[in-house]
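[1] Fold the following, please.
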Amino acid sequence: MRLRDNPTVEVATRLPCSVDRAWELVTDIELPTRAGGELEKAHWLDGADGVVVGARFRGYNANSSIGKWHTDPEVVEVEDGRRWVWCVGHADDPVALWGFEVDADGDGAVVRQWAKLGGGRSPLTDLIARHPDAEGVILAQRMADWHAGMTANLEYLERVTAGESREE
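    Next up is the predicted model:
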């Protein structure tokens, strides 16, 4: 695995809810804070209050191997009710692109979360530059961290929507 290949991670699940409800859940930027992943806190910046192209938010993260940091991602793509994508770093040379997608599936919805690593300068690219022989191992660990966080997010959504479907 090499950084130049822009490694990507994707996790998907089927939820027992409408597409509209799934969309409402995945556009809540605080979702991962409740799922137990790296994101500890998030809030909109510059008066933004929802998922629209150009909106920015700040995310505060923590990882036992990396430490604590924050990012100010920008929403770069929105297909209302279907897909939203945010960029960490500069759009011309992103550190990463992240997204959620929602598709109808019978009486439920399939939700996908994905992330694609870019080559924009970050602590990760600096670590790889210092240890080029370990690039594959470093990237494999980071992709595993992302996969675990995304899995936790979607498992949280499964619990929320399963509880809601039992209440109906």
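
[2] For residue 35, give me its contacts.
    149, 152-153, 155-156 (Cβ atoms under 8 Å, 6 or more residues apart in numbering). Bear in mind the C-beta positions are built from the backbone N, C-alpha and C, glycine included.

[3] Skipping its backbone neighbours, what lies nearest it in space?
    If the residues on either side of it in the chain are set aside, residue 35 comes closest to residue 156, at 3.8 Å by Cβ to Cβ, 6 or more residues apart in numbering.

[4] quick one: whatever helix or strand residue 129 lives in to chain centroid distance?
    Using DSSP states H and E, residue 129 sits within helix 123-130. Relative to the centre of its chain, helix 123-130 is centred 21 Å away, using Cα atoms, centre = their mean, to the nearest Å.

[5] Would you map the helices across the chain?
    Along the chain, the stretches classed as helices by DSSP state H are 19-26, 31-35, 123-130, 135-167.

[6] which helices and strands sit right next to the first one?
    In terms of contacts (3 or more Cβ pairs under 8 Å, 6 or more residues apart in numbering; DSSP states H and E), helix 19-26 is packed against strand 93-105, strand 108-117, helix 135-167.

[7] Next: the third one.
    Using 3+ Cβ pairs under 8 Å, 6+ apart as the contact criterion, the elements in contact with helix 123-130 are helix 135-167.
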